[in-house]
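Visitor: Sequence first, then the predicted structure, then my questions.
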Amino acid sequence: MARNHKPEDFHELLGIMEELHHLKDLDAALLDALLLQARRLTSADAGSIYLVEDNALNFSFLHNETLFSSARTKHLYTSHTLSLDSQSIAGYVACTGKTVVIDDVYEIPRSLPYSFNHFFDDVSGYRTKSLLAIPLKTTRGKIVGVLQIINPLGKDGESIPFTERDRMVLGYFADNAGITVERALRTREMILRMIKMCELRDPQETGAHANRVGAFAAEIYHQWAFSNGISEPEIKKNRDLIRTAAMFHDLGKIAISDLILKKPGGLEQDEFTIMKYHTIYGARLFENPNSEMDVMSGEIALNHHERWDGNGYPGKIADIFADPVQLGRGKQAEEIPLSARIVALADVYDALVSKRVYKEALSEEEALAFIREQAGKQFDPEVVAAFLSIREVIVAIKNRYQEDSTPPLRYRITS
């Protein structure tokens, strides 16, 4: 990121904010875009975002060009918290609403209330020097997070101090970024309300499960798309779509009788046939053909139980709005939309490594062995390859979105 690439006016900022407005959900895609653009504006090597959650600062996203380059790493889902007080730099910014600019974090005067935590530098070998921390505020002035940008680079790649212009440009950027985060928070709240509604019917469909499946799907798609030469703008757009659409994969269960959803044991064959219709009911909720989100959500809801070998359900159906709907021959291979092939794997993996009333969670090794064995059978082999190549990221997501309590029984078909 060359220092001489700094914009001469705010036209580039306006273009950046227009691009960010297309990202609706508060997930890795949005936080990644925010950090990337903030670093570009200041030619910075690294940065992080903290979000205010449950009266604490949650370390939500990290960039470091020197350490991570463009690779997908577990650090993208690193999760730890800071107390919401003035002892840390980010905490001070969140509590006071003031921007902090430091030329060398290792030379902070002891008279100041905050200090630099050099733990990450110690374990990584990185050297943080210049730091600019700025609050992210909503339209009503509420602080929802802190943006930290680290080590602007000079022409020779050396770390240099932030300039007054950096502070001014990043201040304007942060004002708009805070609004973007606020809008994304509202979208996430709406999504989780819908998941909560489904949870009232089927207690397994929790917000944590939905978050895990959505995040798994986004990362698997990113790796698959990168391996297949998909352009970066297309990857960013589709990551955001699949992250959110995947969270709705089982929403159709709200139309299934409690006698089946909450049956304390395995399902009989006729009951399992009724259960299969949750895919159709879910797809019917997303009717707008002009909405990319509706189209992908419908594809996933309808097809996430199809199998690569053609032995899944609900199969080929001429009209999902027909009455009655007859289940068809299973779709196979690339007849199944890519988004659904990805979510099929994400959903099954989450079921395998999660504890249920009727089973213990499989170990990571056992789950991976099953997925490898099912490549070319239940799962698309290319999707399996993408999944296996980002195992550390997958485990980090699993660890980040933990259940508050063990969810109850999921349906099973009896043998």
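Guide: Yep, that arrived.

Visitor: any idea how far K196 is from E189?
Guide: Shown here: K196 relative to E189, a distance of 10 Å by CB to CB, to the nearest Å. Placement of C-beta: from N, CA and C, glycine included.

Visitor: so what sits against both of those two?
Guide: Contact with both K196 and E189 is made by no residue, according to CB atoms under 8 Å, 6 or more residues apart in numbering.

Visitor: So this protein: which segments form each domain?
Guide: In the assignment given by automatic domain parsing, the structural domains of the chain cover 3-184, 202-400.

Visitor: I'd like the ones you listed laid out as JSON lines, including mean pLDDT.
Guide: Below are those laid out as JSON lines (pLDDT from 0 to 100):
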{"stretch": "domain 3-184", "mean pLDDT": "81"}
{"stretch": "domain 202-400", "mean pLDDT": "91"}
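
Visitor: now the ones you listed in JSON lines, with mean neighbour count?
Guide: Shown next, in JSON lines, are the domains of the chain (neighbours: other CB atoms under 10 Å):
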{"stretch": "domain 3-184", "mean neighbour count": "17"}
{"stretch": "domain 202-400", "mean neighbour count": "18"}
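
Visitor: how about the strands in the stretch 51-200 of the chain?
Guide: 56-64, 81-83, 100-102, 131-137, 143-152 (DSSP state E, counting those that start in this stretch).

Visitor: Can you list the helices and strands that the fourth one packs against?
Guide: Read that as strand 131-137. With contacts defined as 3 or more CB pairs under 8 Å, 6 or more residues apart in numbering; DSSP states H and E, strand 131-137 has these neighbours: helix 89-96, strand 100-102, strand 143-152, helix 164-201.

Visitor: can I get those in CSV with distance to L338?
Guide: Listed next are those as CSV, based on distance: least, CB to CB, whole Å:
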stretch, distance to L338
helix 89-96, 38
strand 100-102, 44
strand 143-152, 33
helix 164-201, 22
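
Visitor: can the strands of the stretch 51-200 of the chain go into JSON lines with extra columns for distance to E334?
Guide: Output for the strands of the stretch 51-200 of the chain, formatted as JSON lines (distance: least, CB to CB, whole Å):
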{"stretch": "strand 56-64", "distance to E334": "34"}
{"stretch": "strand 81-83", "distance to E334": "43"}
{"stretch": "strand 100-102", "distance to E334": "52"}
{"stretch": "strand 131-137", "distance to E334": "42"}
{"stretch": "strand 143-152", "distance to E334": "41"}
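
Visitor: nearest to E364, of the ones you listed?
Guide: Judged by CB to CB, the one of those that comes nearest to E364 is strand 56-64, at 23.4 Å.

Visitor: The closest one pairs with which strands, and in what direction?
Guide: Sheet pairing for strand 56-64, assigned by DSSP bridges, gives strand 44-53 (antiparallel), strand 81-83 (antiparallel).

Visitor: tell me the contacts of the nearest residue to I191 once chain neighbours are set aside?
Guide: Among residues not flanking I191 along the chain, M247 sits closest, at 5.7 Å (CB to CB, 6 or more residues apart in numbering). Under the criterion of CB under 8 Å, 6+ apart, the contact list for M247 reads 191, 195, 210-211, 213-214.

Visitor: Now for these: which two are most distant?
Guide: I191 and V213 (12.2 Å).

Visitor: just to revisit the earlier point, which among the strands of the stretch 51-200 of the chain is found nearest to G312?
Guide: Distance to G312, taken as CB to CB, is lowest for strand 56-64 among those, at 35.3 Å.

Visitor: any idea of the angle the closest one forms with helix 164-201?
Guide: In this structure, strand 56-64 runs at an angle of 120 degrees to helix 164-201, with axes from the mean of the first three to the mean of the last three CA atoms, to 10 degrees as the basis.

Visitor: What separation is there between V348 and K377?
Guide: Taken as CB to CB, the spacing of V348 relative to K377 amounts to 12 Å.

Visitor: Check Y221 too.
Guide: Relative to K377, Y221 is positioned 21 Å away (CB to CB).
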